[in-house]
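S.K.: Here is a sequence with its predicted model. Questions after.
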Amino acid sequence: MANIKSAKKRIKVIAKKTQENKKRRSMLKTSIRRFNEAIEAGDLNLATEKFRYAEKKINQVASHNTIHKNKAARKISIMARQLNQLKQANQ
């Protein structure tokens, strides 16, 4: 346990940031999961809607440095590819 006042404060700050990052990651995983469920169901309209929402959330999480910006770009790219495959399958 820390003895110095500033070290005690840092422990509190880190705990708060950890909790916030956990919340963001959970929200991100949920949005990606809902997109994947729409893809598996084959619903193009729902998948497009969920893609827009998930893309927005991924960019928000990356802007807060919870995930790396390259990881965010990779996730969006993978999801866009899945959406395009669904569009081609429905044509």
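M.R.: Structure's in. What do you need?

S.K.: Now stretch 76-90: buried residues?
M.R.: For stretch 76-90, a neighbour-count test (16 or more other Cβ atoms under 10 Å) marks Ile76, Met79, Gln82, Leu83, Leu86 as buried. Any C-beta I mention is one placed from the backbone N, CA and C, and that applies to glycine too.

S.K.: What about these, which are in strands?
M.R.: Among these, DSSP state E puts none in strands.

S.K.: will you turn the residues you listed into CSV that also has pLDDT?
M.R.: Putting these into CSV (pLDDT from 0 to 100) gives the following:
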residue, pLDDT
Ile76, 98
Met79, 98
Gln82, 97
Leu83, 97
Leu86, 96
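
S.K.: So which of those sit within helices?
M.R.: Ile76, Met79, Gln82, Leu83, Leu86 (DSSP state H).

S.K.: biggest separation within these, which pair?
M.R.: Distance extremes for these: the farthest pair is Ile76 and Leu86 at 15.6 Å, using Cβ to Cβ.

S.K.: and the helix or strand where Val61 lies, how far from the chain's centre?
M.R.: Element membership of Val61 [criterion: DSSP states H and E] is helix 44-63. Taking Cα atoms, centre = their mean, to the nearest Å, one finds the center of helix 44-63 at 8 Å from the center of the full chain.
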